[in-house]
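Enquirer: Just to be clear, the model below is a prediction. Sequence and coordinates:
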Amino acid sequence: MTDLVSRFTEFIDAPVHAIFEYCRDPRQIYAGDPNRTVTEVSVSPEGVGTTARVLERVGFFVTWDIALEYVEVSQDERLVFDARPRLTVRGLGRPLLSPAVHSWTWTFDPEDGGTRLNLLVVERDPAWWDGSATLLEARAFSREVRSRLAGSRRR
């Protein structure tokens, strides 16, 4: 199966360095999101090796347990983290589903005194059911990411 790719871009009226530092800390990216909790954060001074765990509540019994690891960091230019989601159901005691790895690539371009923030999300070789679910969720995902990017303006 082929990779699923989503692209987003947002202009933010803030310096590149400020937006880069905001995205370098996984706690900031999900700050204020009522459906996600960031735990087990370990921020590496050089960026590569930063890890976190994001718990995303989908319903009363269902949670996405997502392990993040920053795999590439170029100061004020580019951040890449891999997200490894696992779907868990309360009471089962083990993950129900483990979809494909999602690579998130953030790039930061100076533009008109602010920052053009670009996000590329690649879901590598998803299973057929995962790809179908991702396509169905694409619109909601797009609104959510745009809202999160726009939220970085207020930081």
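Expert: Good, I have the coordinates. Numbers count the residues shown, from 1 in each chain.
Enquirer: Distance check, Arg84 against Leu68.
Expert: Distance from Arg84 to Leu68, counting by Cβ to Cβ, to the nearest Å: 8 Å. No exception for glycine: its C-beta is placed from N, CA and C like everyone else's.
Enquirer: what does Val5 give?
Expert: For Val5 relative to Leu68 (Cβ to Cβ), the value is 19 Å.
Enquirer: so where do the helices sit in this protein?
Expert: Taking DSSP state H, the helices of the chain run over residues 16-24, 26-29, 128-151.
Enquirer: just flag whichever of the ones you listed has the lowest average confidence.
Expert: Lowest mean pLDDT of the helices of the chain: helix 128-151, a mean of 55.
Enquirer: I figured Arg53 was touching Val38, is that so?
Expert: Yes. Using Cβ atoms under 8 Å, Arg53 is in contact with Val38, at 7.3 Å.
Enquirer: Neighbour count: those two, which is higher?
Expert: Under the criterion of other Cβ atoms under 10 Å, the comparison of Arg53 against Val38 puts Val38 first, with 19 against 15.
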